[in-house]
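Participant: here is a sequence with its predicted model. Questions after.
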Amino acid sequence: MRDAENIREVEALGIDMMGFIFWPKSSRYVGERPAYLPIRCKRVGVFVDEQIEQVQRIAADYDLDVIQLHGSESPEYAQSLQGRSLIKAFNIASQEDFVQTKAYEGIVDCFLFDTKGKSVGGNGEKFDWSVLDAYSGDTPFLLSGGIGPHDVECVKAFHHPRCIGIDMNSRFEISPALKDVNMLKGFIKQIRL
C-alpha cells in the first residue's frame with residue numbers, strides 16, 4: 001500500500017492488518033512515506049533479507065506494529081528483532097517444507113504460508129492447501145498465495161486449528177500496491193457471512 005486515499009478506504013473495511021513492502025525489487029515497494037498511514041489496523045512492514053539496522057530504522061519511522069520476514073532470514077536474525085510482533089514467511093509446496101519452521105518456534109509470533117514460486121512473494125498462485133494438514137507446529141499461521149475474489153467458498157471450507165487469517169494481496173489489485181476497494185469489500189462481506 002502506498003496511496004493515501006487507497007489506504008484510508010481499505011482501512012475503513014475493518015481489516016486487521018495492512019502491509020507495506022520495503023523490498024526495493026518489488027513492484028509494490030514503498031519508496032517514500034505515504035501521506036496517510038492506518039491507525040485502526042496493524043501496520044505490517046515486509047522485508048526481504050534486509051540489514052537488521054535498516055529494518056529497525058524503518059520500523060521506528062513507520063511505527064510498525066509487525067515485522068514480516070519474507071526472505072531467508074535465520075532464527076538468530078529473527079531473534080534480534082524481538083520486541084515487535086514477528087511474522088516469518090515460508091514458501092510451501094509439500095509437507096517436507098514444514099521442517100524449516102521448527103527452528104522459528106517460540107521466536108516468531110506467526111508464520112505466513114505462501115506459494116513456492118519464482119519470486120519470494122507476490123506470485124499470485126495458490127498451492128495445494130491440503131498439505132497444511134501435515135502442519136502440527138504450535139505457531140499460528142496466515143494463509144497466503146494467490147487468494148482472489150472467486151475463492152470465497154474455498155477459504156470458507158478451509159479449516160486448520162492454527163490458521164488465524166488470510167492474506168489478500170495481488171488478486172485484489174488494480175495495479176501493484178493499489179487495491180480494488182469494491183472487490184475487497186465484497187470478498188470480506190461474503191467471508192464473514
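Facilitator: Right, received. Where do you want to start?
Participant: quick one, helices of this protein?
Facilitator: 4-11, 52-61, 75-79, 152-157, 181-191 (DSSP state H).
Participant: out of the ones you listed, which gets nearest to residue 95?
Facilitator: Residue 95 lies closest to helix 152-157 among these, at 19.5 Å (Cβ to Cβ). Yep, even glycine has a C-beta here, placed from its N, CA and C like the rest.
Participant: please identify the buried residues of that closest one?
Facilitator: Neighbour counts over helix 152-157 (16 or more other Cβ atoms under 10 Å) mark 152, 155 as buried.
Participant: next one: that helix to chain centre, how far?
Facilitator: Helix 152-157 sits 19 Å away from the centroid of its parent chain (Cα atoms, centre = their mean, to the nearest Å).
Participant: name the helices or strands packed onto that helix?
Facilitator: Judged by 3 or more Cβ pairs under 8 Å, 6 or more residues apart in numbering; DSSP states H and E, helix 152-157 is in contact with helix 181-191.
Participant: Serialize the helices of the chain to CSV and add fields for mean pLDDT and distance to residue 36.
Facilitator: CSV is the format used below for the helices of the chain (pLDDT from 0 to 100; distance: least, Cβ to Cβ, whole Å):
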stretch, mean pLDDT, distance to residue 36
helix 4-11, 98, 4
helix 52-61, 97, 15
helix 75-79, 98, 30
helix 152-157, 94, 29
helix 181-191, 96, 15
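Participant: fine, thanks again, bye for now.
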